[in-house]
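**Q** Just the structure for this:
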Amino acid sequence: MRASAASERQVLWKLRLPAAVPYLFSALRISASASVVGAIIGELPSGIPDGLGGQILNNVQYYITGPERLWATIVVAAALGIAFVWLVRLSEEAFTRGRYRAARA
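**A** Here you go, the predicted structure:
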């Protein structure tokens, strides 16, 4: 592109950014699942009782009498992480429109 006298902005928008799209969405998928874990851990010191972190902490204390509540909270947290990853995956499909299908297989 430099041989065609392209500016730095044209090189960025037409070459570098499209080449980086698969890597950006991979990072977003990892970040989507890690954000759920970060939100749960971030709730613990704040003492919010209604959040997932507070529920996990509360249910750990009463594990002997009701382990199903702890496991239900953990399953909900896992489902939330999966949903976020699924949303990123859908946005990736909409954004790339199948351009990188052969590279992922």
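**Q** elements contacting the strand or helix carrying Gly38?
**A** Assessed by DSSP states H and E, Gly38 sits inside helix 17-46. Contacting helix 17-46 under the criterion 3 or more Cβ pairs under 8 Å, 6 or more residues apart in numbering; DSSP states H and E are the following elements: helix 52-61, helix 67-96. From N, CA and C alone the C-beta is placed, and that goes for glycine too.
**Q** Next, count neighbours for Val36.
**A** Residues near Val36, counting by other Cβ atoms under 10 Å, number 19.
**Q** again, but for Val85
**A** Counted with other Cβ under 10 Å, residues neighbouring Val85 total 17.
**Q** Asp50: what secondary structure?
**A** For Asp50, the assignment made with DSSP: H, G, I helix; E, B strand; the rest coil gives coil.
**Q** thinking again about what came up before, can you tell me which of the helices and strands packed on helix 17-46 is most buried?
**A** helix 52-61 (a mean of 16; mean count of other Cβ atoms under 10 Å).
**Q** Convert it to CSV, retaining C-alpha atoms only.
**A** Provided in CSV are the C-alpha atoms of helix 52-61 (Å, rounded to 0.1, in the frame of the first residue of the first chain):
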residue,chain,number,x,y,z
LEU,A,52,-23.8,-13.7,42.6
GLY,A,53,-20.7,-13.2,44.8
GLY,A,54,-22.7,-12.6,47.9
GLN,A,55,-24.9,-15.6,47.2
ILE,A,56,-22.0,-17.9,46.7
LEU,A,57,-20.4,-16.6,49.9
ASN,A,58,-23.7,-17.0,51.8
ASN,A,59,-24.4,-20.5,50.4
VAL,A,60,-20.9,-21.7,51.3
GLN,A,61,-21.7,-21.0,55.0
